[in-house]
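Novice: show me how the following folds:
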Amino acid sequence: MAVQKKVDVVTVGAGWSANILAWKLAEAGYRVLSLEQGPWEWAAPNAAYKHDGLLYPVRKRMMTNIKKESWTWRPHPRAPSLPMRQFGGFLPGQGVGGAAAHWSGMLYRFLPSDFQVRTHVVERYGQEKIPENMLLQDWPVTYEELEPYYDQFEWDIGASGLPSRENGHVLEGGNPYEPRRTLYPNPPLTPGLSSTLFAEACRQLGYTPFPQPSGILSRTYTDRFGRTRSGCLYCGFCSRYGCENDSKSTGLTTHLPLALQTGLHEVRAHCHVTRVEAGPDGLAAGVTYVDDRTGEEHFQPADVVILAAYTLTNVKLLLVSQDWHHPGGIGNDRGMLGQNFTHQMWYSPVVGQFDGRRFNLYMGNTSNTYSIYDFYGMLFDHTRLDFLGGAGIYSTWGEREPVSSAGFLPLGTGKNSQLVSAVENGDPPSKPPRSWGWEWKEALRSHWDNFVPIAIQGDSFAYRGHTFDLDPHFRDAYGQPLLRFTFDWQDDDRQRYRFITGRCLEIMRAMGASAISAIPTLEDYNLTTYKGTHISGGAIMGTDPGNSVTNKFGQVWDTPNVFVTGAALYPQNPGSNPTNTLAALAYMTGDALVERYFRAPNRLMG
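Specialist: All right, here's what the predicted structure looks like:
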């Protein structure tokens, strides 16, 4: 095994959190190496004109190579586990820039009640409101602590959005539930036609729609580092694609160039890390990795190891890094490693058809939409409800492509979907047409640009038994066991979904749809239907080693020179995108490493 030259810090992965930390640490004079399993491609110019609706959305060109690395799932411990052999439920990315290189740009902050959800529930409704076996836990960090880091990140990348207040004054049209105190650097993206219709219907019903905040530039923007990028072209090739215009903010557009220009940051692509190696004192000594281009194994020594890959990779590396000091894996001295698996509830439960309309849904992106938070999280009264949490509700997005969208038609023929009456007291809906042959072709011809889904993104709370561990039967291309997760929807999830779907139906009827289909009940959890890539937990942060794997900085309790970033730290999975919070935590951790950790290495930061 080849031994490489020692560095101050090695990060596993070269995605956004690694880019942020590399920038902060290299700027402070530390030598940082990032090991990335995927290729190195800059979005611009590499993504220019690559509008391939098969290669990117269908064949998942920018995702993890599932032939080499996969995961197994089972609904409960008594069931057998099986590996994911083709992408479905979630889409982990690979390549320098990470999943952000092909993200959709949705940029929400978690709200104060998301961070203190257990305290909120117990104080307002009592302990008995928490379902049996639900592991409801407050975060060790508050919104107020993270707010300055949210601000810094949003201004560094040129976030687009509309606040609800400025200097204490209420502004019309922003998210009234978000307690931010600063403006966005840029105005919101221009909403699509169907999104405007959604917003009008919500206002009629007394709800408060607001333009979705985004990490995509709505206009030309020069950041504080002097870098200028152009505003969005609304080209329609956004999610699953790199941005040829660099309007979509990623680590590639801002933080990685800043880290590289210090001369102290190096990125090695096509390097698959297999484990964290501990020294005689039990501290991390570095990592072992395989160069996928040659098949050679290398040891990379480092003073600090940062696991900055996707949630599944971070948790697996901790579990497989077993030795005399860590018989159950790094971070597992109290049996907390692998706990609190959650998978955000992302569905489109209601779809409307608007005969004779054109919405130009082939344009735009997931961010030029409206949202409502009237039924988000614990913001509304749950006294008479039989569930906790809620969901953000979103108007339909653009990016509609022929291949990936044809399965929605004819209306009511999708899995578990059924036609419902377009009016509250109207005639019962007719039987849906067939989803093949001339009827399907006619539906595609007539309705491809006038069917409009309403999407939801709901809470996912941790439960006892919803865990990650190592599968005893399946191994990856490197000879290591696959990561296994055990998870299924619970009664609380099903009741939440049913309630939120009812609100979506009200909105769609107010929008005046000609026909409506709905999925009224939550399907059984499976790996074939996409539910969002927002998987959280497994290496959660907390207040002490008895309730967590790390402290609020992602520092592992039992191995304090190992840090974890990203959604693996989240004790719960709130009903909004994790990216903004992931980045804010990376900013906070970067500052703590520079200002505190390296002044007293290998000690836990309080």
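
Novice: residues contacting Pro112?
Specialist: By Cβ atoms under 8 Å, 6 or more residues apart in numbering, Pro112 lies in contact with 142-144, 179. To be clear about C-beta, it is placed using only N, CA and C from the backbone, and glycine gets the same treatment.

Novice: let's have those in CSV, adding secondary structure.
Specialist: Listed next are the contacts of Pro112 as CSV, based on DSSP: H, G, I helix; E, B strand; the rest coil:
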residue, secondary structure
Thr142, coil
Tyr143, helix
Glu144, helix
Pro179, coil
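
Novice: show me where the stretch 201-350 of the chain has its helices.
Specialist: For the stretch 201-350 of the chain, the helices defined by DSSP state H, counting those that start in this stretch occupy 255-260, 311-320.

Novice: any idea which of these is most buried?
Specialist: Among these, ranked by average contacts under mean count of other Cβ atoms under 10 Å, first place goes to helix 311-320 (a mean of 26).

Novice: dump the C-alpha coordinates for that helix into PDB.
Specialist: Backbone C-alpha positions of helix 311-320 (Å, rounded to 0.1, in the frame of the first residue of the first chain) are rendered in PDB as follows:
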ATOM      1  CA  THR A 311     -25.300  10.800   4.400                       C
ATOM      2  CA  LEU A 312     -25.200   7.100   3.400                       C
ATOM      3  CA  THR A 313     -21.400   7.200   2.800                       C
ATOM      4  CA  ASN A 314     -20.600   9.100   6.000                       C
ATOM      5  CA  VAL A 315     -22.500   6.600   8.100                       C
ATOM      6  CA  LYS A 316     -21.100   3.500   6.300                       C
ATOM      7  CA  LEU A 317     -17.500   4.700   6.800                       C
ATOM      8  CA  LEU A 318     -18.000   5.100  10.500                       C
ATOM      9  CA  LEU A 319     -19.600   1.600  10.700                       C
ATOM     10  CA  VAL A 320     -16.800  -0.200   8.700                       C
END
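
Novice: and for it, what's in contact with it?
Specialist: The contact list for helix 311-320, computed with Cβ under 8 Å, 6+ apart, reads 12-13, 71, 92, 273-276, 307-309, 328-332, 337-338, 468-470, 480-481, 483, 485, 535-539, 549, 556, 564-568.

Novice: flag every buried residue along stretch 142-149.
Specialist: Buried residues in stretch 142-149, defined by neighbour count with 16 or more other Cβ atoms under 10 Å: 143, 146-147, 149.

Novice: could you do stretch 207-227 as well?
Specialist: 207-218, 221, 223.

Novice: could I get the average pLDDT for it?
Specialist: The pLDDT scores in stretch 207-227 average 96.

Novice: surely Gly407 is in contact with Glu401?
Specialist: No - Gly407 is beyond contact range of Glu401, at 11.7 Å (criterion: Cβ atoms under 8 Å).

Novice: ok, those two, which is more surrounded?
Specialist: Legend: neighbour count by other Cβ atoms under 10 Å for Gly407 and Glu401, higher for Glu401 (19 against 11).

Novice: could you pull up the residues touching that one?
Specialist: Glu401 touches 53, 57, 236, 362, counting by Cβ under 8 Å, 6+ apart.

Novice: quick one: strands adjacent to the longest strand anywhere in the chain?
Specialist: Counting by DSSP state E, the longest strand found in the chain is strand 297-307. Strand 297-307 has its sheet partners listed here by DSSP bridges as strand 2-3 (parallel), strand 7-12 (parallel), strand 284-291 (antiparallel), strand 562-564 (parallel).

Novice: just want the most central residue of this protein.
Specialist: Closest to where the C-alpha atoms of the chain average out (Cα atoms, centre = their mean) is His534, at 3.5 Å.

Novice: contacts only, for it.
Specialist: So His534 contacts 90, 343-344, 346, 567, 573, 577-578 (Cβ under 8 Å, 6+ apart).

Novice: and Val562, by the same measure?
Specialist: By Cβ under 8 Å, 6+ apart, the neighbours of Val562 are 276, 284, 304-307, 330-331, 555-556.

Novice: now it, which residues is it bridged with?
Specialist: With DSSP bridges as the rule, Val562 is bridged to Val305.

Novice: just checking, Thr72 is part of a strand?
Specialist: Yes - counting by three-state DSSP, Thr72 is found in a strand.

Novice: tell me which element the nearest residue to Gly192 once chain neighbours are set aside falls in.
Specialist: Sequence neighbours aside, Gly364 is the residue nearest to Gly192 in space, at 5.1 Å (criterion: Cβ to Cβ, 6 or more residues apart in numbering). Gly364 is part of no helix or strand, with elements assigned from DSSP states H and E.

Novice: can you list the low-confidence ranges for the protein?
Specialist: Counting by pLDDT under 70, the chain shows low-confidence ranges at 46-49, 168, 422-430, 432.

Novice: can you give me the helices in it?
Specialist: For the chain, applying DSSP state H gives helices covering 16-27, 43-46, 112-115, 117-125, 143-157, 193-204, 255-260, 311-320, 402-405, 437-447, 491-511, 579-595.

Novice: quick check: which of the ones you listed is buried the most?
Specialist: Highest mean neighbour count among the helices of the chain (mean count of other Cβ under 10 Å): helix 16-27, with a mean of 28.

Novice: tell me what that helix is packed against?
Specialist: Judged by 3 or more Cβ pairs under 8 Å, 6 or more residues apart in numbering; DSSP states H and E, helix 16-27 is in contact with strand 7-12, strand 32-35, helix 255-260, strand 265-268, helix 579-595.

Novice: circling back to that earlier point, want to try TSV for the helices of the stretch 201-350 of the chain, with distance to Tyr184 as columns?
Specialist: Formatted as TSV, those follow (distance: least, Cβ to Cβ, whole Å):
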stretch	distance to Tyr184
helix 255-260	19
helix 311-320	28
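
Novice: of those helices, which is nearest Glu128?
Specialist: Set against Glu128 and scored by Cβ to Cβ, the helices of the stretch 201-350 of the chain come closest in helix 311-320, at 31.7 Å.
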